[in-house]
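Asker: Could you work out the structure for the sequence below:
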Amino acid sequence: MVTLRLFYLLQKKGHMVTVSQFEKIECVGHIQKRMGNRLRKLKASFGKNKLSDKKTIGGKGRLTDVAIKKLTTYYGNAIRANAYVNEMRQAVWAHTASTDYEPKHWFCPKGSNSWCKYNVSVHNNKVKEFKHKNTFPEAVSQAIKPVFKELSNLKLLRKCLGDCKMRFSEPQTCQFVELLREHECLWNNSLDLYKNKKMRDRAIAAISTDMAIPGFGDREVRRKLKSLKSTYHLEVGKIQKSIKSGMSTENLYVPNMKWFSVMDEYLKNVSEKRHNR
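Answerer: Purely as a prediction, here's the structure:
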């Protein structure tokens, strides 16, 4: 089977590829939204009916709208953080089923930059202070389990691989960030060129060509750009938060990605220019 992403590339190189060989690639973002929709429908279907613990599915400490939003985020993160379907499947349920008495974060990303707060506390040697705030009563866990089971189906998760596999090594990300520096129209919103669609399209095409990675076309460049800018601003937020908390200089949060300092050189200047306008 070949993905739609590779179809035209293979045809261009003279390979015989037919429509029957297409394999649909699912967007992780769309699948993530599906989780939220299913949980909201489940909550509505139960209404005021009582679960096995004689309480409704909603309410404080149960399946609230806030809890659904967090579960949906965890689900998307679990898929994006794993390159293999079995790991995705295990991570999806293990994180959300964890409790203080039985943490199950083996499949969540490790380190200080993990989206899993439990593993961040492990990295910082503060695991004894960590409390699982979103633990559901057993009755609620059993009620939502069918939704997780359906959306952690191996066939469905396998379709997400095409959306997740375009992962860069650290050197590739650094190369991308260096190339991005050369195309100011893609990041400097203080310039008129930032609003020039033709200029931006040419810049994106140039980056795609210079990266020379099979399957990494204009669409993937846009996704990577959006993802890196989002990560950059999240990291800046963490730095500012650690400064405001009054931490000593040696304990301040420092991003461990090599590309961050390079990107910070020019994105930081943009905010300064905007501030001085």
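
Asker: Next, please give the residue ranges for the strands of the chain.
Answerer: 2-3, 22-23 (DSSP state E).

Asker: which regions of the stretch 101-250 of the chain sit below the pLDDT cut-off?
Answerer: Judged against pLDDT under 70, the low-scoring parts of the stretch 101-250 of the chain cover residues 107, 113, 115, 134, 159-167, 214-215.

Asker: let's see it at 80
Answerer: Residue ranges of the stretch 101-250 of the chain with pLDDT under 80: 101-102, 104-116, 132-136, 152-170, 212-216, 246-250.

Asker: Please enumerate the helices of it.
Answerer: Counting by DSSP state H, counting those that start in this stretch, the stretch 101-250 of the chain forms helices over residues 117-123, 138-151, 154-164, 170-182, 197-211, 218-244, given from the N-terminal end onward.

Asker: As a markdown table, those with distance to residue 47 would be great.
Answerer: The way it works is simple: take the backbone N, C-alpha and C, and place the C-beta from them, glycine included. Formatted as a markdown table, the helices of the stretch 101-250 of the chain follow (distance: least, Cβ to Cβ, whole Å):
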| stretch | distance to residue 47 |
| --- | --- |
| helix 117-123 | 32 |
| helix 138-151 | 12 |
| helix 154-164 | 28 |
| helix 170-182 | 48 |
| helix 197-211 | 48 |
| helix 218-244 | 37 |
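
Asker: Any idea which of these gets closest to residue 52?
Answerer: Taking Cβ to Cβ as the measure, the helices of the stretch 101-250 of the chain were each checked against residue 52, and helix 138-151 came out nearest at 4.6 Å.

Asker: packing partners for that closest one?
Answerer: When contacts are defined as 3 or more Cβ pairs under 8 Å, 6 or more residues apart in numbering; DSSP states H and E, helix 138-151 sits against helix 28-46, helix 65-80, helix 85-96.

Asker: Out of the ones you listed, which gets nearest to residue 111?
Answerer: So among the helices and strands packed on helix 138-151, helix 65-80 is nearest, using Cβ to Cβ, at 13.9 Å.

Asker: tally of neighbours for residue 116?
Answerer: Residue 116 has 21 neighbours, counted by other Cβ atoms under 10 Å.

Asker: What's the separation between it and residue 219?
Answerer: 29 Å (Cβ to Cβ, to the nearest Å).

Asker: any idea how far residue 29 is from residue 79?
Answerer: As judged by Cβ to Cβ, residue 79 and residue 29 stand 10 Å apart.

Asker: what about the two, which has more around it?
Answerer: Between residue 79 and residue 29, counting by other Cβ under 10 Å, residue 79 is the more crowded of the two (27 against 11).

Asker: Now residue 266: closest residue in space that isn't a chain neighbour?
Answerer: The spatially closest residue to residue 266, leaving aside those adjacent along the chain, is residue 181, at 5.5 Å (Cβ to Cβ, 6 or more residues apart in numbering).

Asker: ok, residue 94 - contacts?
Answerer: The contact partners of residue 94, taken as Cβ atoms under 8 Å, 6 or more residues apart in numbering, are 104-108.

Asker: center of this protein - which residue?
Answerer: By Cα atoms, centre = their mean, the chain has its centre lying nearest to residue 77, at 4.8 Å.

Asker: Give me the pLDDT value at residue 43.
Answerer: Per-residue pLDDT puts residue 43 at 93.

Asker: And stretch 228-248, what's buried?
Answerer: Within stretch 228-248, the residues that count as buried by 16 or more other Cβ atoms under 10 Å are 228, 231-232, 235-236, 238.

Asker: what's next to it, contact-wise?
Answerer: Residues external to stretch 228-248 that are found in contact with it (Cβ under 8 Å, 6+ apart): 173, 176-177, 180, 187, 251-255, 257, 259-260, 263-264, 267.
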